[in-house]
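# model the structure of this input:
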Amino acid sequence: MSYPWLTPLLAALATLVLAILVNRKGSRNELNQVFTFLATTMVFWNLNFFVLYSVSDRHVAFEVSRVLRSGVMFMTPAILHLCIALRNRPTRFWRNVLVLDYGVAAFLAVANAFDAVISDVRTVPWGFASIGTTFYNLFVVCAVVNCGGALALLAYEYRVSKEPRTRLQLKLWLVGAIIAIPLGQTNLLPAYGIPIYPLGHLGNAAWAAVVAYAIVRHRLMDVDVILTKGMAYAAVSFILIAPAFALALSLERLSFGRIHPDFSFALLLMFAIVGVLFPTLRLRAESRIGRMLFSEKYQHRAALSAFARSVVRILDRDRLVRELGSTLSETLGLENITVGMISENGQTITTQYIRGLAPSIQEFPSTHPFVLLLSESESAVLRDELEASSSAQRSKMQQVFVANGWEVCVPLTGSGNLVGFLALGPKRNLDAFFVEDLELLEAVAAQASVALENARLYEELGKSQDIIRRADRLSALGTLAAGIAHEVRNPLVSIQTFFQLAPERIHDEEFMTTFLGMTASEVKRIASLINELLSFARSPSRSLQPVDLGDSLTRVVALLEAEARKLQLTLTCSLPTDRIVAMADGDQLKQVLINLVLNAVQATPPGGTVVVSTRRVSHRQPSIAQIEIRDTGVGIPADRLEHIFDPFYTTKDKGTGLGLSIVHQIIAEHGGSISVESKEGHGTTFLVELPALEPNIGAAYGSTELLGVEPLAVHYRRGLAS
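Predicted coordinates:
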């Protein structure tokens, strides 16, 4: 080879670029710093051989080589240091090893300055080679020991490491080291008079590239994938480049009468570079040219691709169908579009969205040839393809296309079954549907099918939650009914007594006045309790409106007073003088309060107290309404406190474990939070926080704006505050 200096020069430049890249990615990271240092020593190493191979003057080559070798002496300890730095936790033993290792390297660097490592250079076929001394043997021993130690350390760390990314890094380093270290040792042999061209420059650059890739990249390819891709690329390159290179050699011989090795090598290198760069540059050029010449079409396809990625987040079925139809119509510029969806019973497919020309058939039975063929199709169906077919069934499908003015129909499938279709009419600019359009349509259809399945599951989840909430209300209703039945019985006795005595004392004005008023009051109380009970029992439909929290608390306490008296405890309600209003669903808020107060009543022993209060926290912006339910009950053990809002978790013998879970969900849906303080044997306090309307708005009761609604985190506090 006429230019042996080219290989070490290219290796030096490549290694320098890698050092700069890794240093820029994390200059303060120890691993990056050590790699940068190692790469710098490798640059000195490659430049040393570049000088020996390129400089013809023996004295100049030796003098420049001496300067470069000073940096080379630190290369082998840096290799071991890099492997230790990967562990990120070097022990005292490894620190001591590094101190000793760098100490020997520093000694060799000083000895090199006095020509005690390399005494001279001699001529070899590719330039000059160093002549080593006794200290050169020490350098070789250090190189072998450090490289062997690095390999052993990498293998050990790979075996014991449990972190997936670290294991993949180690695997890459090991594969690179197994290739690079044997090649690197060939650079030591010419100093002993062994006439072999050094190949360490190639291994050096390859290993540095692998290590840099493993350090910088967070999404790493497995070694198996790298080898597979590399072998596939090598095979394809050989198949394509080998004939072209052979033809170039033939033309070279024919034109110049001989084959020039350097020119041929440069030509082969050029072929390889073109083969590597062509696919990447083609894609970039294609994208740039598409943006420049067909910007509108490119933008429409980009918008359609973005919609395909985002459509899965739409959980409302009707909204999904509307956005699907409108987006396709606008981006593709369609004259008409129809979106059909399967009915709940699965017997028909009906049109759910129409834009432009209305189809002549708006409902297809599941046995219709159009539906049957569409369910069998795995891709878009084109009208032109149907016209070219001789099948009788496809002919019937073509008639549907013609009658409705459709050009393309894309099936929507979920769980292997047809759930709908997208039927597209011609484009307004009379363009045909290109391959890119069909690929995008199929991608959108696939994502839309997933979104439709998600919407169905979300709808079923909502129905299940409604059922659970109603069951929870009925459970509380049973408890309330038992207490109110006892509460109603006492006034009924008074009313019955009045009617029994009324005939005898009808002319007693005092009796009639006093007892009649008392009776009317008792009847009113009974009616009020029954109305509250019926109001709580009815199936709620959620609607946000201004709710007076004080009024809601008063009503809940009235419902639960009977239960509290039956359990021989005191239930009181403490309200501020000013009115506190929040935007909420009154029925759901009442369900929350009944759950919390009823839990407090049932957890409090006879003689205890339950206090329900509300207040406004004005110093927080936006202002917050707080509802506090404090009892003097048995408290909640610390190990159970963090699980009380988990579904189906209960401390009661007959509880379902859904009450507090439902409470938490309702409060979260209102943009609020719920927290609990409890200490075993000292009672429990639940604190509900809801965004409050400002006083002037709350007083008017006319605004439907909920100020400052933002989710507040559910949190737990142990230890009851005094």
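# and V610, what is it in contact with?
Contact partners of V610, counting by CB atoms under 8 Å, 6 or more residues apart in numbering, are 564, 569-572, 597, 600-601, 604, 629-632. Just so you know, the C-beta spots here come from the backbone N, C-alpha and C atoms, and that holds for glycine as well.
# what would these look like in CSV with neighbour count?
Formatted as CSV, the contacts of V610 follow (neighbours: other CB atoms under 10 Å):
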residue, neighbour count
A564, 23
L569, 21
T570, 14
L571, 24
T572, 12
V597, 25
A600, 27
V601, 23
T604, 23
I629, 24
R630, 19
D631, 27
T632, 19
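# just put those in JSON lines and tack on secondary structure and distance to E344.
JSON lines is the format used below for the contacts of V610 (DSSP: H, G, I helix; E, B strand; the rest coil; distance: CB to CB, whole Å):
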{"residue": "A564", "secondary structure": "helix", "distance to E344": "47"}
{"residue": "L569", "secondary structure": "coil", "distance to E344": "51"}
{"residue": "T570", "secondary structure": "strand", "distance to E344": "53"}
{"residue": "L571", "secondary structure": "strand", "distance to E344": "47"}
{"residue": "T572", "secondary structure": "strand", "distance to E344": "51"}
{"residue": "V597", "secondary structure": "helix", "distance to E344": "41"}
{"residue": "A600", "secondary structure": "helix", "distance to E344": "44"}
{"residue": "V601", "secondary structure": "helix", "distance to E344": "44"}
{"residue": "T604", "secondary structure": "coil", "distance to E344": "49"}
{"residue": "I629", "secondary structure": "strand", "distance to E344": "43"}
{"residue": "R630", "secondary structure": "strand", "distance to E344": "49"}
{"residue": "D631", "secondary structure": "strand", "distance to E344": "47"}
{"residue": "T632", "secondary structure": "coil", "distance to E344": "53"}
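# what's the closest of those residues to V402?
Distance to V402 across the contacts of V610 (CB to CB) is lowest for V597, with 68.2 Å.
# in contact with the closest one, which residues?
Taking CB under 8 Å, 6+ apart, one finds V556, V557, L560, L571, V610, V612, I629 in contact with V597.
# which ones among those lie within helices?
V556, V557, L560 (DSSP state H).
# related to what we said a few turns ago, just put the contacts of V597 in JSON lines and tack on pLDDT and distance to N137.
Putting the contacts of V597 into JSON lines (pLDDT from 0 to 100; distance: CB to CB, whole Å) gives the following:
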{"residue": "V556", "pLDDT": "83", "distance to N137": "92"}
{"residue": "V557", "pLDDT": "84", "distance to N137": "95"}
{"residue": "L560", "pLDDT": "80", "distance to N137": "94"}
{"residue": "L571", "pLDDT": "89", "distance to N137": "94"}
{"residue": "V610", "pLDDT": "91", "distance to N137": "90"}
{"residue": "V612", "pLDDT": "92", "distance to N137": "90"}
{"residue": "I629", "pLDDT": "91", "distance to N137": "85"}
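# ok so, going back, looking at the ones in helices among the contacts of V597, state which has the most neighbours.
V556 (27 neighbours; other CB atoms under 10 Å).
# touching, that one and V592? I think so.
No - here V556 lies out of contact with V592, judged by CB atoms under 8 Å, at a distance of 9.4 Å.
# distance of the residue nearest the centre of the chain relative to L452?
Relative to the mean C-alpha position of the chain, the nearest C-alpha, by CA atoms, centre = their mean, is the one of R313, at 13.0 Å. Applying CB to CB, to the nearest Å, the value for R313 to L452 is 13 Å.
# kindly report the same for G132.
Taking CB to CB, one finds G132 at 75 Å from L452.
# L324 now?
Taken as CB to CB, the span from L324 to L452 is 9 Å.
# cool, G184 as well?
From G184 to L452 the distance is 59 Å (CB to CB).
# now C573
Counting by CB to CB - C573 and L452 are separated by 49 Å.
# same check, this time on G683
50 Å.
# likewise for P359?
20 Å.
# cool, and L575?
From L575 over to L452 (counting by CB to CB), the distance is 49 Å.
# these two: which is more packed in?
L452 (24 against 16).
# my read is that that one contacts V419, right?
Yes - contact criterion CB under 8 Å: L452 and V419 qualify, at 5.9 Å.
# what's in contact with the helix or strand harbouring L170?
Assignment of secondary structure by DSSP states H and E places L170 within helix 164-185. With CB under 8 Å, 6+ apart as the test, helix 164-185 has contacts from 83, 86, 143-144, 147, 150-151, 154-155, 157-158, 161, 199-200, 202-204, 206-207, 209-211, 213-215, 218, 220, 222-223, 226.
# quick check, R28 in a strand?
No - assigned with DSSP: H, G, I helix; E, B strand; the rest coil, R28 falls outside any strand and is coil.
# what's around it, how many residues?
Considering only other CB under 10 Å, R28 is surrounded by 6 other residues.
# give me the pLDDT for it.
We have a pLDDT of 72 for R28.
# what about the helix holding L170, distance to the chain center?
31 Å (CA atoms, centre = their mean, to the nearest Å).
# what residues sit buried inside that helix?
By neighbour count on 16 or more other CB atoms under 10 Å, the buried set for helix 164-185 is 166, 168-174, 176-177, 180-181, 183-185.
# these two touch, right, L153 and C83?
Yes - in terms of CB under 8 Å, L153 counts as a neighbour of C83; the distance is 4.7 Å.
# looking at the two, which is more packed in?
Remark: of L153 and C83, C83 carries more neighbours, 23 against 17, as counted by other CB under 10 Å.
# I am finished for the moment; much appreciated.
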